[in-house]
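# Sequence below, structure please.
(3 chains, ligands or ions: 4)
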Amino acid sequence: MNPFTYSSATAVEDAVRDNASHEGAAYIGGGTNILDLMKENVARPTHLVGLNKLPLTAIEPTPEGGLRLGALATNADTAWNEEVKRRYPLLNQAILAGASPQLRNMATNGGNLMQRTRCYYFYDTATPCNKREPGSGCGAIGGFNRIHAILGASEQCIATHPSDMCIALAALAATVRVSGPNGERTIPFEDFHRLPGNTPERDNNLEPGELITGLDLPAKGFEKNFSYLKLRDRNSYAFALVSVAAALELDGDTIKDARLALGGVAHKPWRDQEAENLLKGQPATPETFARAAAKVVESAKGYGSNNFKIELARRAIVRALKQAAEGSQHASDVFLNSNP
Amino acid sequence: MSTTNYIGKPTSRVDGPAKVTGAATYAAEFHVPNMAYGWVVSSPIAKGRITKVHADEVLAIPGVLEVFSHENVPGLAWFDRNYKDDVAPGGSPFRPLHEDKIKFNQQPIALVVAETLELARYASSVLRIDYEEEAHETDIEAKRDEGFEPGRGKSGWMPPPPPRGNPDKAWEEAEHHIEHEYVHGAQHHNPMEMYGATVEWRGDKKLTVYDKTQGVVNVQNYLTKIFGLSKDDCRVINQYMGGGFGSGLRPQYSVFLAVLASLELKRSVRVTLTRQQMFSFGHRPHTLQYVKLGTNPDGTLAAIQHHALHETSQFEEYTENVVNWSGMLYQCENVKLGYQLAKLDVFTPQDMRAPGAATGSFALEVAMDEMAAAAGIDPIDFRIRNYAEEDQNAGKPFSSKRLRDCYHQGAAKFGWEKRNPQPRSMRKGNRLVGYGMAGGVWDATQKKAAAKATLTADGKLQVSSATADIGTGTYTIMTQIAAETLGLPLEAVTFKLGDTDMPEAPVQGGSWTAASVGSAVKSVCEAIGEKLLKLAQKMEGSPLKGASPDEVEFVNGQIRLSNNPNEAVVIRDVLQASGETRLETDTSATPNLLKQATHSMHSHNAVFVEVEVDEEFGTVHVTRVLNAVAAGRILNPKTARSQVLGSIVWGISMALMEETIMDHQFGRYMNHNYSEYHIPVQADINDIEVLFVEEEDDVVNPLGVKGVGEIGLLGVAAAITNAVYHATGKRVRDLPIYLDKLL
Amino acid sequence: MIQQSSTSAAQAGGVAAPPPTGTVRLTINGQQHTLQIAPWTTLLDALREYVHLTGTKKGCDHGQCGACTVLVNGKRINSCLSLAVMHEDHDITTIEGLGSQENLHPLQQAFIDHDAFQCGYCTPGQICSAQGLINEGRAHTEEEIKEHMSGNLCRCGAYAGILNAVKEVVDAKSSEPRR
Ligand SMILES: Cc1cc2nc3c(=O)[nH]c(=O)nc-3n(C[C@H](O)[C@H](O)[C@H](O)COP(=O)(O)OP(=O)(O)OC[C@H]3O[C@@H](n4cnc5c(N)ncnc54)[C@H](O)[C@@H]3O)c2cc1C
Ligand code: SF4
Ligand code: FES
Ligand code: FES
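Ligands and ions are numbered 1, 2, ... in the order given. The predicted model follows:
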């Protein structure tokens, strides 16, 4: 870990200003990702702007009838928030499926969006990685890539975004609120994270110095028919090999509206609107679900150790949609991995 | 009635209060004044040469004290034998910072010492080192045809016995036969506590070394030989150890580097490894095994052939007993066993919980399941039909063997009769259910060990031995043995360990501590007892006058006549009457080789497993495990049960999760952390239980104990593999059973 | 022959001197501590190396094991992934603050009774985590407790004992009359 100076901001403008006035500065929320990366010498900020005193911990209704999640609310407080549980149980379950109770108590909503890939090579400075050191090559392509992407990858990078929370946010079509040196703006969740392309060093479309201040959830929460399904190498405290956020609005047996997003398969939370369209207006049957699943993995590509994810993702989508249709998952204080 | 009979009674750990309150101090936690911190720099390449260490740049940072590397390390001992620790395998031991050569990835190549931990860590991250890289070979697949038979291995290793009968012909002619390859990758011990040492500089080259090790004596021998220190000047202490599992049998480079820095800087130094560096030394070797079995029409085994090939380093020939067990677990007249090593550019593997046997029993016991299925026999029946009444490898009877009871009692308690033999025939909801079983055998060993006992006038007994408690319960069982031998209440006895100032004991491993140190503790307490008796007999009007040691017993704080318990004297009174303030003695216990030479001494187990498998996802849930163990006398059912429960968790881990993955592009393990090297978490563990089968044995040692640290692991991974087959009809022969192997 | 350098950070020998240390005030187990430390000192290292409260363990230093779990304002966190400076006005409780050998906390007693450890290295983290779980009050059944104790690895595999110990104390709490 390299030396840095530290300051703690109490207002958004101060944080942004402080960040802009230090070359090589970074924000720190809960610290669970940036400190990890600093200890591995992957991140080397010279100055840290502490955010935990910012007045951004509230979770409150938006004028549009949705819910605003403060960027500095912890993942735990968000998951357990009564409004989140009542109106957005998919988000409640997705958050609780991630990390551990301790980490969720520390991790902030803003930091969760910004967490970087868990690619082994990205984390290990002894190996090449285009994301960490552009142009150095990709260790994972041709290497050990069990946890890597099958969708939307590039020849430069096949990393995945590791978040669970973000998969639910993608399915719920949240909006990211940011504040930066050039003022405030909002970014649709779909456009927040990027595919690697030729610039794998960029995970998202945040401009330098911009601060996430909150996340807006639209009014529609799919609170009746949803599922968050997470498949991993052990029952808890492990990142997803494949995860699926499925949400349905049903009219009898007919699907009125549908959302489908996957984790563990791409450089960004992978929402597939074409597959959603294949669901809409159709009967909620295994055949319909299978068609949507086939659509999602249509363009999937394996890189060796992760080939299995294509079939696994297909099956997981069908199962999650089935669970969503059955309405068998509910908001809860504890995510139980009993489904898979 | 005796209230001081503790042996065999469930007893809470005497070190429990210290451990649950954080008062137990581990090696890297000793607070010594004016301490500097060392941080290890590890090689980023697998093979090559260091051409330059740019130490000057780092030394310019205020607070950085020194950068040690091969460029400046002073001339230390020259001969290999100085670096050979007590349990080193054959070959030439690795010498840290000795030369410019890089022999394995993550090799320690420099130590940066600074005033603070943070500074040492930072300075090591900016230390520039130039290398010349050479081509490496880390893939055992490339060395399949280059296996060789090891020469002299480490102590305890036995080359496979010569073939018996006509194994090739018998296999060809067998009614049913199978042959398959079984594989598992490298696994790292990964104890929770990372290796580290605090070296206290006491002036004038006198050191107290707090080191994480399974044997303080081994570390002391190693350090004194290399650094030319006298034993008096190099005291090694380790009272608590945050897990070892074999990784602490040999001295770790952390202690070497800390001592080096301390001697050079004439200052106290602490060196702790990182979790990533915990993947830079010994491991269970990646092993390829080939098993051929054949049966006769009556279901007896016609032939057993078992061959193993595993990796070792370029510089040492690490050996473990992988295949020998296959010649002794079942009765068979035609047996051929083979064992080979292949040299790779990796660090030397290292004994890891039930070394060799965990590997061998996986292959043999899965093969036995396949054989039973091919012959259409129930797997338990099949094993009982082939029950070995004697050890055919050695041509000796077993000192005791209650494996048959493990099968019967285990099967009954588990409910094996509910198993429909047909694979894929059992279901629960949308999950497939499978039952599987397997078992194993492990050595019962006693080594020479010594102990010292001091009884003071207040009736308090202190016993000590330079052994270790790596979580096995040594503190507690030794306290029980001492208390019971002298008839004292548990609270009056203190057992101390882990200090080279104490009488010598072997490294803690091989499940031999209970037998070895336990025998020494018993013997030293008996010696104190004899002294006490003599003093008691001198007391005025002593009812014990003329009684021989066999005629008295030590119970409830008294010495009394065995045939007339009312004739007794109180132990505390004896000392007070004698005017002695303390009685002290030390003795050692050595195995009774004469008695043992005529027997084969082993513990056995049988494991029963239920799994549920989600067929679509291939996720395996181990819902029930019952481990039936016959391991002689159980000194403390509470701590012994925990050891076996721990082994079950290890077996689940080995079967479903654990594998250190080498990327051969870089010759580097890539999942070198707790996040990607998976071991079970609380949510993975369901109903697990232990059944100790009663077993008496007066050959193994005076206590009749065989040790329980390792036997419990045997068969667990195989039983899970067999249960997965029963559930799904899919036979996985390479561990771990990741979900994708069942898709 | 490939020439390579282990790090690209120290370009041309220009290694920066670290900034000076500063004063950090921490309240640990009800006691005030004033430390002179660099901002890049984690809460875990501050506890272990500067305050010499070594009951809090380091099992990975990367948030992957839970051995470093402490309570901050009653909530469990991994102290290895947190900076000491981030906790100046917080109430920090470590294992040493829960109970002592003479006066064991109910969880500590339950861990001994159920033999919920072997080497004991994960134990302080398990116990602090269990206290956090109890403070949260969201896990009650065995399944729930198992999931919510899954942020604490135990390489010795003492999970069965840990579960029984935590369950016993959780059950005792829930049967206490509510005030
Ligand atoms: C062992 C382990 C297991 C985990 N398992 C999972 C899992 O299964 N599922 C899962 O989803 N996650 C998992 N996580 C990741 C965890 O969820 C993230 O680390 C966490 O959400 C990051 O939040 P933070 O506040 O701690 O971020 P920090 O570490 O503080 O920051 C992360 C990044 O975001 C930036 N940042 C922080 N806040 C803001 C802001 N408001 N605006 C702009 N930039 C900001 C920082 O500069 C930094 O670059 C795991 C983490 C660990 C260590
Ligand atoms: S996949 Fe991406 S993050 Fe991983 S090594 Fe390749 S470039 Fe780096
Ligand atoms: S040391 Fe903090 S989680 Fe492992
Ligand atoms: S008791 Fe040893 S790691 Fe848990």
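# my guess is B:Glu580 meets B:Leu455, correct?
No. With contact defined as CB atoms under 8 Å, B:Glu580 does not reach B:Leu455; the gap is 9.1 Å. Where you see a C-beta, it was placed from the backbone N, CA and C, and this is true even at glycine.
# Look at the two and report which has more neighbours.
Neighbour count, other CB atoms under 10 Å in any protein chain shown: between B:Glu580 and B:Leu455, B:Leu455 has more, with 28 against 16.
# any idea how far ligand 2 is from the closest residue in space to that one that isn't next to it in sequence?
Closest residue in space to B:Leu455, ignoring its immediate chain neighbours: B:Leu583 at 4.5 Å, by CB to CB, 6 or more residues apart in numbering or on different chains. Distance, B:Leu583 to ligand 2, using CB to the nearest ligand atom, to the nearest Å: 67 Å.
# Am I right that B:Leu583 sits in a strand?
Yes. Under DSSP: H, G, I helix; E, B strand; the rest coil, B:Leu583 falls within a strand.
# so it sits right up against B:Glu530, yeah?
No. If you go by CB under 8 Å, B:Leu583 and B:Glu530 don't touch, sitting 10.1 Å apart.
# Compare the two and say which is more crowded by neighbours.
B:Leu583 (20 against 14).
# what helix or strand does the residue sitting furthest away from the middle of chain B sit in?
Distance from the C-alpha centroid of chain B, by CA atoms, centre = their mean, peaks at B:Gly541 (52.3 Å). In this assignment (DSSP states H and E), B:Gly541 forms part of neither any helix nor any strand.
# Most proximal residue of chain A with respect to ligand 4?
Among all residues of chain A, A:Tyr237 sits closest to ligand 4, at 14.8 Å; criterion: CB to the nearest ligand atom.
# ok, that residue to C:Ala46 distance?
Distance from A:Tyr237 to C:Ala46, counting by CB to CB, to the nearest Å: 25 Å.
# How about the contacts made by residue 147?
Just so you know, I chose chain A. A:118-120, A:160, A:239, A:241, A:264, A:306, B:676 (CB atoms under 8 Å, 6 or more residues apart in numbering or on different chains).
# Can you look at chain C instead?
Counted by CB under 8 Å, 6+ apart, C:Glu147 has contacts A:236, A:334-337, B:682-683, C:139.
# how close does it sit to A:Asn337?
7 Å.
# again with C:Ser175
Distance, C:Ser175 to A:Asn337, using CB to CB: 28 Å.
# Buried residues, the helix or strand containing B:Gly410. List them.
Assigned by DSSP H and E, B:Gly410 belongs to helix B:403-414. Residues of helix B:403-414 classed as buried: B:403-411, B:414 (neighbour count, 16 or more other CB atoms under 10 Å in any protein chain shown).
# all helices of the stretch 201-340 of chain A, in order?
For the stretch 201-340 of chain A, the helices defined by DSSP state H, counting those that start in this stretch cover A:273-279, A:286-297, A:308-326.
# let me fix that: chain C
Secondary structure of chain C (DSSP state H): helices at C:43-45, C:95-98, C:106-113, C:123-136, C:142-148, C:159-175.
# Those residues of the stretch 151-300 of chain A touching chain B, which are they?
Contact residues (CB under 8 Å from any CB of the partner chain) of the stretch 151-300 of chain A with chain B: A:231, A:233-239, A:241.
# can you list these in JSON lines and add pLDDT and distance to ligand 3?
Shown next, in JSON lines, are these (pLDDT from 0 to 100; distance: CB to the nearest ligand atom, whole Å):
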{"residue": "A:Leu231", "pLDDT": "97", "distance to ligand 3": "24"}
{"residue": "A:Asp233", "pLDDT": "97", "distance to ligand 3": "18"}
{"residue": "A:Arg234", "pLDDT": "96", "distance to ligand 3": "16"}
{"residue": "A:Asn235", "pLDDT": "96", "distance to ligand 3": "18"}
{"residue": "A:Ser236", "pLDDT": "98", "distance to ligand 3": "15"}
{"residue": "A:Tyr237", "pLDDT": "98", "distance to ligand 3": "10"}
{"residue": "A:Ala238", "pLDDT": "98", "distance to ligand 3": "14"}
{"residue": "A:Phe239", "pLDDT": "98", "distance to ligand 3": "15"}
{"residue": "A:Leu241", "pLDDT": "98", "distance to ligand 3": "22"}
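# Please identify which of those residues is nearest to ligand 2.
Among these, and counting by CB to the nearest ligand atom, the member closest to ligand 2 is A:Phe239, at 13.9 Å.
# Setting aside sequence neighbours, what's the nearest residue to that closest one?
A:Pro162 is the one closest to A:Phe239 (CB to CB, 6+ apart), at 5.0 Å.
# Among C:Ser175 and A:Asn337, which residue is more densely surrounded?
Remark: of C:Ser175 and A:Asn337, A:Asn337 carries more neighbours, 22 against 7, as counted by other CB under 10 Å.
# gap between that one and chain B?
Going from A:Asn337 to chain B by CB to the nearest CB, to the nearest Å gives 7 Å.
# contacting residues around that residue?
A:97, A:230, A:232, A:235-236, B:683, C:147.
# pLDDT below threshold where in chain C?
Scanning chain C for pLDDT under 70 picks out C:1-17, C:19, C:177-179.
# one more time with 80, if that's ok
Within chain C, the ranges that satisfy pLDDT under 80 run C:1-20, C:176-179.
# what ranges do the strands span in it?
C:3-5, C:22-28, C:31-37, C:69-72, C:75-78, C:91-93 (DSSP state E).
# As TSV, these with mean neighbour count would be great.
TSV is the format used below for those (neighbours: other CB atoms under 10 Å in any protein chain shown):
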stretch	mean neighbour count
strand C:3-5	13
strand C:22-28	17
strand C:31-37	13
strand C:69-72	27
strand C:75-78	29
strand C:91-93	21
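# ok, back up a step: from the chain's centroid, how far away is the helix holding B:Gly410?
Computed by CA atoms, centre = their mean, to the nearest Å, the chain-centroid distance of helix B:403-414 equals 26 Å.
# and what of stretch B:201-214?
Centroid displacement of stretch B:201-214 relative to its chain, using CA atoms, centre = their mean, is 25 Å.
# next one: stretch B:185-205
The answer for stretch B:185-205 is 17 Å, by CA atoms, centre = their mean.
# any bit of it sitting next to ligand 3?
No. Using CB under 6 Å from any ligand atom, stretch B:185-205 stays clear of ligand 3, coming no nearer than 8.7 Å.
# Now do whichever residue of chain B sits closest to ligand 4: how many residues are near it, please.
Closest to ligand 4 within chain B is B:Met192: 3.9 Å, counting by CB to the nearest ligand atom. Neighbour count of B:Met192, defined by other CB under 10 Å: 27.
# now do B:Val521
31.
# is it true that it touches B:Ala483?
No. At 10.2 Å, B:Val521 does not count as touching B:Ala483 under the criterion of CB under 8 Å.
# Good, wrapping up.
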